[in-house]
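# Show me how the following folds:
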Amino acid sequence: MNPSPPVLLIAFNRPDRFARLIDAVRAARPEHVYVAIDGPRNSNSADAAGVQACRDLISRIDWTSSVHVLARPENLGCGRAVSGAIDWFFEHETRGIILEDDLIPQESFFGFCAQLLEHYEDVPEVFAISGCNVVPADHIFTGGPYRFTQIPQIWG
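Numbers count the residues shown, from 1 in each chain. Predicted structure coming up:
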């Protein structure tokens with residue numbers, strides 16, 4: 001398997017999901033891990049504990065010393081926190097895998113991404129590679145393990 005590209009993990013206030021995501025990423029052992037955690041909402045008293053529990057889980061990323069953290073002190077909300085995290089990630093990396101805490105990738109996902117990111121690195125028509133496929137298998141006509149679309153599917 002090709003080494004895993006850098007990975008951005010995006011979390012908020014769900015430590016149980018974030019812990020499962022970290023465990024799934026551990027299988028790929030990416031050398032560079034970025035973690036972005038949005039701050040707690042003022043309107044939700046339970047957020048502070050959930051956000052802190054997610055921040056505490058960062059110590060479970062123990063397979064590399066290259067862990068970069070963006071811990072927001074205040075809540076930016078789903079849109080700004082995620083887009084800001086992605087911007088921050090790509091200020092440091094030219095390509096990588098982005099996973100939110102509600103995604104649990106299979107181990108094969110990392111090799112799939114590594115292979116396709118490398119293969120299509122210099123192909124300007126390829127904007128992104130996604131592990132999400134909502135198209136039923138009997139409607140995919142690619143002749144291979146992946147397909148092209150003009151409609152990005154960005155979940156995973």
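# distance between stretch 86-95 and the chain's centre?
Computed by C-alpha atoms, centre = their mean, to the nearest Å, the chain-centroid distance of stretch 86-95 equals 12 Å.
# Show me which parts of it are buried, residue by residue.
86, 89, 93 (16 or more other C-beta atoms under 10 Å). Glycine gets a C-beta too; all of them are placed from N, C-alpha and C.
# measure the first one to P124 for me?
According to C-beta to C-beta, to the nearest Å, I86 stands 20 Å off from P124.
# mind checking which helix or strand the one residue sitting closest to the centre of the chain is in?
What sits nearest the mean C-alpha location of the chain, by C-alpha atoms, centre = their mean, is L99, with 1.7 Å. Using DSSP states H and E, L99 falls within strand 97-100.
# tell me what that strand is packed against?
With contacts taken as 3 or more C-beta pairs under 8 Å, 6 or more residues apart in numbering; DSSP states H and E, strand 97-100 sits against strand 7-11, helix 77-92.
# So for V134, which of the ones you listed sits nearest?
Between V134 and those, the shortest separation by C-beta to C-beta is 19.7 Å, and it involves helix 77-92.
# name the helices or strands packed onto that closest one?
strand 7-11, strand 32-37, strand 66-71, strand 97-100.
# quick one, what contacts L117?
5, 95, 129 (C-beta atoms under 8 Å, 6 or more residues apart in numbering).
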